[in-house]
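1. A structural model of the following input is requested.
(2 chains)
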Amino acid sequence: MTRKINLDLSSVENREMRLGSIISWDGSASELAEASNYDIRGQKRTGEGGGCAGKKGPGCKLCELNMPFNQQTMCNHSIVGCQVGNIPDCILIEHSPIGCSAIHPRFNLGYRIGLMRRGKEVKNLQIVSTNLLERDMVFGASDKLRRSIRDAYERFNPKAIFISMSCSTAIIGEDIESIAMEMEGELNIPVIPLFCEGFRSKHWSTGFDISQHGVVRQIVNKNPQKQKDLINIVALWGTDYFTELLKPLGLRVNYLIDMASFDELAQASEAAATATFCHTLGSYMATALEEKYGVPQVNASQPYGFAGTDDWLRAIAKIMGKEEIIEEYIASEHARVLPKIQELREKLKGIKGFVSTGSSYAHGMISVLRELGIEVNGSIVFHHDPVYDSGHTEQNTLKHLVDNYGDIEHFTVSKTQQFQFYGLLKRVNPDFIIIRHNGLAPLAAKVGIPAFAMGDEHFPVGYDGIIRVGEALIEILARKKFNQVLQRHVKLPYTDWWLSQADPFILAKHPEILEEGKQ
Amino acid sequence: MTEKKKVKKSNSIVHSRYGCAIGAVNSVAAIPRGIPIANCGPGCADKQYFMLSFSNGFQGAGYSGGGALPSSNIGENEIVFGGQNKLDDLIKSALKIMDGDLFVVLTGCAGELIGDDVGAVVKGYQEKGYPVVYAEAAGFKGNNLIGHEIVVKAIIDQYVGDYNGEKEKGLINLWFEVPYFHTNWRGDYIEIKRILEGAGFKVQVLFGSEAKGPDEWKGIPKAQFNLVVSPWVGLETAEHLKEKYDQPFLHIPIIPIGEEATTAFVRKVVDFAGIDKEKSEAFIEEEAARYYYFLEHFSEFFSEYWFGLPAKFTTVADAAYNLAITKFFTDQVGLIPVRQIITDNTPEKYRDRIRELYRNISEGISLEVDFIEDGYQIEAEVKKVDYGSSVPLILGSSWEDDVVKELGGILVPISTPVTSEVVINRSYIGYNGALTLLEKVYSATVK
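-> Okay, the predicted model is just below:
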């Protein structure tokens, strides 16, 4: 089998090159699933067939709608900060001017809540900025980096140090890899260079891969002693619902990467399996651990809704050799939650929802809403991966959604572009939105639509997740009163011309409109 | 006396307390119908939003900031082949899509390092009469306070332009707190405008809920003078305006808090302007009467509370808030300042003047202020202080949360970042704000 992930290299190939990921598309979910050609791309990933990916095989190319207008978004440098910057006994050094570290107070909020959710000591995060200035751009900044690495070592006594590259240090050609090697020799702890400059990938999710790559390459135990009851869950900051869900299978959960200690990361290679709440997030790490250390990854969609959770539990039971007990567990869980879910379906009758989250997470989220009888005929994903790193067809989450829960008429790929959101909402006129990432909810708020900010990403997981979401939605829908007040009194920052456009992608299809002069 | 120790010099910063120059996109968003355009990588403007708005009292980004903010999101292609075409597309489409009256392009690190000629792109629009200006605001140039002044100057030079007309007596341009960065700026602008108008002035506040948009900026050259109410931010602007429009300025480095300071402030501005004193004195009388009505009530709590009140306090904040709040508690409330740390990387040339203000903070009290930006060192310094027999009071940022817990103290957030409070229109300055500040500190005490 060809290796999909090359751990010999310090840098990661971007998602758009590796997977053919796109950030701008409009159509139905079934069309996107078909155009993605997951299976054929998957063969390319696994090396089992001819396959194709990205530019190499025009038959597989996903067409993108290139818009001339963009609004601010996140970058993969940010993602690295909220991944390896959230390891309590390791330190991240951001080799950059101070502005690249301006999001730390926000990350600190998430980190502290995450520590609390996992029962760990709640403390501020510690990320070091090398704080570069204009003269460093001219004369280079390697000595400042060395100095910050030593500062980090003396101040915090970390078990490993990560270094993240920024736009400016990448452009001036800072050699963080050589410095990392040199300092690793001096300090005798792993020093891990991460090539995550903001301009590098068109989507921030490449930052997940970069973080995971560094952890698997330089922290994970290279001589693993297998722990048969340990399962890796590649996660973010979510509440620990997985322990309960996996208890009947006798599994202990090892969450990666946020809030995990160095030792918890190191034992990732010792686990019996790797799973995740979101393949967009977890696929790279799961595949790397599978290839390098033979840790099998769960070959299923994701644990959302009945169909997704059933399949997911079965796949884990298969790896663990516990197929004999799983059907009984699934049946008893269905019986347990169904009455409550039916009650919620009654209460939520006639309600329309809209999901705008990261890619495969949205697929799971829509499943949960449809289990609750909520109509979903519009959704945004912030990017789309036509295939995941594993290439396993069972992980095709979009197809799983369409096959089990039906099509979504308006399924849009748009990277938190608020100006498009108005038209997208107008097409389907939902009663609420479910949202992750910032930038979009404020617009929904001003057009009368309340937002459920899904801050605890594990909230919808499993059978109980369906109930949790249903109950929370009833509370969210009450806020419509507030949003209608706003709608009556607050103006949007867009021209009437733009707000009157029926197609939020019109400028990609007809760029000549811009040549007509202002209004 | 406070124990002094020479701080070890290092470039490293942990727990940063400001954004970078591109953070001034928020200053543009603070101008009604002003539209910032970030010409930088993806992530830059987003990060600044999180430092200056979200993690700073959850202020919200308003009309054109936050998710609405146009950005070129420079990618690998622009790094290799240049970003001018992409920027041109962005400006062209922003003019069509965004409903605004002034568009300000701020170029960040990537754009500046690859050497795009942003000026040439923007000039094309200026020549066609579009209200577009550009500013070089790369993060390596300095923090968001520096960026704020770069942007203000760009708007004055490229949008306001030349003026040879009359000046209007009693009309003031206000150069005051930095929008979004100063956590209470929205409420503070309301209070200071209320005070100056009460004293008989007309005020061009330029930013926030009381501002009038780009037209008000066009009126800048007509003002009788520029009023800088800040230790250092705004001075470059005032110097520039003096040069450009032959406009004098009055510099009041300490933002007034409390009746005595605010009344002195009003009289100073009135004297400088030479306007009639009748209106201002009547205003002062009314304000003072109300202030002491409330202070009298408060004084009962202050003198009778059995269960302990803080006595010694530390301030950790940017120069403007640090100076104003230290002065108020030292000079008007009689608390004992034990450690003052300024965190905004005040340019070296202003530091001595600021040190002098601390040395004369109140009769019989002389303070030595520290300038430290690195949170690791700041928190270590806060911890080292001897707070005596009463509960330590720390007026700082949310980064001080852990160290204040260790000290068993009270943290009242006054400086960026603030993640434990939601701020809407409150103010801690002037006549009304002082009472709110007392409420805040002593509510935290009795909690």
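2. Quick one: the strands in chain B, in order.
-> Ranges of strands within chain B are B:13-14, B:34-39, B:102-107, B:132-136, B:168-175, B:202-204, B:223-229, B:249-252, B:312-317, B:336-342, B:370-371, B:393-396, B:410-413, based on DSSP state E.
3. wait, which of those is closest to chain A?
-> Closest to chain A of the strands of chain B is strand B:13-14 (C-beta to the nearest C-beta; 4.6 Å). C-beta: built from backbone N, CA, C; applies to glycine.
4. quick one: strands adjacent to that closest one?
-> With DSSP bridges as the test, strand B:13-14 is paired with strand A:127-129 (antiparallel).
5. Just the C-alpha atoms of the helix or strand that the strand it pairs with is followed by, please, in CSV.
-> Next helix or strand after strand A:127-129 toward the C-terminus (DSSP states H and E): helix A:134-139. In CSV, the C-alpha atoms belonging to helix A:134-139 read as follows (Å, rounded to 0.1, in the frame of the first residue of the first chain):
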residue,chain,number,x,y,z
GLU,A,134,10.4,46.1,11.3
ARG,A,135,14.2,45.7,11.7
ASP,A,136,13.7,41.9,12.2
MET,A,137,12.1,41.8,8.7
VAL,A,138,15.3,43.3,7.3
PHE,A,139,18.0,41.6,9.4
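6. Quick one: low-confidence residue ranges for chain A.
-> A:1-3, A:44-60, A:516-519 (pLDDT under 70).
7. let's see it at 50
-> Counting by pLDDT under 50, the ranges of chain A that qualify are A:1, A:49-59, A:518-519.
8. for chain B, what are the nearby residues on the stretch 401-519 of chain A?
-> When proximity is defined by C-beta under 8 Å from any C-beta of the partner chain, the stretch 401-519 of chain A lies next to chain B at A:416, A:418-419, A:438-440, A:442-443, A:491-498, A:507, A:513-514, A:518-519.
9. If we use 10 Å, what do you get?
-> Residues of the stretch 401-519 of chain A lying near chain B by C-beta under 10 Å from any C-beta of the partner chain: A:415-419, A:421, A:437-443, A:445, A:490-499, A:501, A:507, A:511, A:513-519.
10. for chain A, what spans make up the strands?
-> Under DSSP E, chain A gives strands at A:24-27, A:91-95, A:127-129, A:161-165, A:191-194, A:230-235, A:252-257, A:273-276, A:352-357, A:375-381, A:410-414, A:432-435, A:451-453.
11. Serialize the ones you listed to CSV and add fields for distance to A:Arg117.
-> Shown next, in CSV, are the strands of chain A (distance: least, C-beta to C-beta, whole Å):
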stretch, distance to A:Arg117
strand A:24-27, 34
strand A:91-95, 21
strand A:127-129, 20
strand A:161-165, 23
strand A:191-194, 26
strand A:230-235, 10
strand A:252-257, 10
strand A:273-276, 17
strand A:352-357, 19
strand A:375-381, 26
strand A:410-414, 30
strand A:432-435, 20
strand A:451-453, 16
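12. Kindly reformat those as JSON lines containing mean neighbour count.
-> What follows is these, written out as JSON lines (neighbours: other C-beta atoms under 10 Å in any protein chain shown):
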{"stretch": "strand A:24-27", "mean neighbour count": "20"}
{"stretch": "strand A:91-95", "mean neighbour count": "28"}
{"stretch": "strand A:127-129", "mean neighbour count": "27"}
{"stretch": "strand A:161-165", "mean neighbour count": "29"}
{"stretch": "strand A:191-194", "mean neighbour count": "26"}
{"stretch": "strand A:230-235", "mean neighbour count": "25"}
{"stretch": "strand A:252-257", "mean neighbour count": "22"}
{"stretch": "strand A:273-276", "mean neighbour count": "25"}
{"stretch": "strand A:352-357", "mean neighbour count": "25"}
{"stretch": "strand A:375-381", "mean neighbour count": "24"}
{"stretch": "strand A:410-414", "mean neighbour count": "24"}
{"stretch": "strand A:432-435", "mean neighbour count": "25"}
{"stretch": "strand A:451-453", "mean neighbour count": "18"}
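13. Could you work out which of these reaches nearest to B:Ala320?
-> B:Ala320 lies closest to strand A:127-129 among the strands of chain A, at 23.1 Å (C-beta to C-beta).
14. For A:Pro339, grab the count of nearby residues.
-> A:Pro339 is flanked by 9 other residues according to other C-beta atoms under 10 Å in any protein chain shown.
15. near chain A, which residues of the stretch 301-447 of chain B?
-> Residues of the stretch 301-447 of chain B lying near chain A by C-beta under 10 Å from any C-beta: B:345, B:373-377, B:379-380, B:397-403, B:405, B:416-420.
16. Out of those, which end up buried?
-> Neighbour-count burial (16 or more other C-beta atoms under 10 Å in any protein chain shown) applied to these gives B:345, B:373-377, B:379, B:397-403, B:416-419.
17. Just the ones of those in helices?
-> Members of these lying in helices (criterion: DSSP state H): B:Gly375, B:Tyr376, B:Gln377, B:Glu379, B:Asp401, B:Asp402, B:Val403.
18. Any chance of those residues in a markdown table with pLDDT as columns?
-> Shown next, in a markdown table, are those (pLDDT from 0 to 100):
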| residue | pLDDT |
| --- | --- |
| B:Gly375 | 98 |
| B:Tyr376 | 98 |
| B:Gln377 | 97 |
| B:Glu379 | 97 |
| B:Asp401 | 97 |
| B:Asp402 | 98 |
| B:Val403 | 98 |
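19. Any chance of those residues in TSV with distance to B:Glu300 as columns?
-> What follows is these, written out as TSV (distance: C-beta to C-beta, whole Å):
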residue	distance to B:Glu300
B:Gly375	39
B:Tyr376	42
B:Gln377	41
B:Glu379	36
B:Asp401	32
B:Asp402	35
B:Val403	33
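20. between the residues you listed, which is nearest A:His410?
-> Of all these, A:His410 sits closest to B:Asp401, with 43.7 Å by C-beta to C-beta.
21. Would you agree that closest one is in contact with B:Gly375?
-> No - if you go by C-beta atoms under 10 Å, B:Asp401 and B:Gly375 don't touch, sitting 11.3 Å apart.
22. Quick check: neighbours shared by those two?
-> Common contacts of B:Asp401 and B:Gly375 (C-beta atoms under 10 Å, 6 or more residues apart in numbering or on different chains): A:Asn124.
23. which residues touch whatever residue of the stretch 301-447 of chain B ends up closest to chain A?
-> For the stretch 301-447 of chain B, the residue closest to chain A is B:Pro417, as judged by C-beta to the nearest C-beta, at 3.6 Å. For B:Pro417, the contact set (C-beta under 10 Å, 6+ apart) comprises A:102, A:104-106, A:108-109, B:15-19, B:50-52, B:54-57, B:183, B:397-399.
24. I am finished for the moment; much appreciated.
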